[in-house]
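> Here is the input, now give the coordinates:
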Amino acid sequence: MNRSLRKTTASVSVTYSHGNFSNNLTGTEFELELSEKDICLRINLWGNLSVRNKSANCYSDACELAEDHALLKSVQIDDSQVIDGLLNAHQKAPSACWKVKLLLGEKGTFDYSVKPEMANGSVFLNVC
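Model (predicted):
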């Protein structure tokens, strides 16, 4: 079952295993794919690469994500609408495996197995 959690923009922060981080990314089209076995959150980050100002922080951070995608440590989401949708999905499929799919247009699509963690009003999707 596919379900849209949010179509409009929301902030997305990422951290990397080498210590770098970004809190300048904006996601759109937060979509949830739910089955008994898997919960997959798809986040469209393409808008960060399609800005006119190529010196914008969001552009350089999206390029860094595309280059360092193998070093991704976690994805943080603060949006309550998205968090509520993820909590509902967890209640429906408590033993499901979690995944996140980051869509960066022509730069690639990156899939990760993650473990969700709630802290300070945010959800952290920690890469396994």
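
> Where do the strands of the protein begin and end?
Ranges of strands in the chain, per DSSP state E, are 2-6, 10-16, 21-34, 38-44, 72-77, 97-103, 109-119, 122-127.

> now for those, which one comes closest to A62?
In terms of CB to CB, the element of these nearest to A62 is strand 21-34, at 6.3 Å. In this view, the C-beta of every residue, glycine as well, is placed from N, C-alpha and C.

> and the strands of the chain as JSON lines, adding mean neighbour count and mean pLDDT?
JSON lines is the format used below for the strands of the chain (neighbours: other CB atoms under 10 Å; pLDDT from 0 to 100):
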{"stretch": "strand 2-6", "mean neighbour count": "15", "mean pLDDT": "90"}
{"stretch": "strand 10-16", "mean neighbour count": "20", "mean pLDDT": "96"}
{"stretch": "strand 21-34", "mean neighbour count": "18", "mean pLDDT": "94"}
{"stretch": "strand 38-44", "mean neighbour count": "21", "mean pLDDT": "96"}
{"stretch": "strand 72-77", "mean neighbour count": "21", "mean pLDDT": "98"}
{"stretch": "strand 97-103", "mean neighbour count": "19", "mean pLDDT": "98"}
{"stretch": "strand 109-119", "mean neighbour count": "14", "mean pLDDT": "96"}
{"stretch": "strand 122-127", "mean neighbour count": "18", "mean pLDDT": "97"}
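
> looking at those, which is closest to A56?
Each of those has some distance to A56 by CB to CB; the shortest is strand 21-34, at 8.1 Å.

> still on that earlier bit, so which of the strands of the chain is nearest V51?
Each of those has some distance to V51 by CB to CB; the shortest is strand 21-34, at 9.8 Å.

> what's the closest one packed up against?
Here strand 21-34 touches strand 2-6, strand 10-16, strand 38-44, helix 57-67, helix 80-92, going by 3 or more CB pairs under 8 Å, 6 or more residues apart in numbering; DSSP states H and E.
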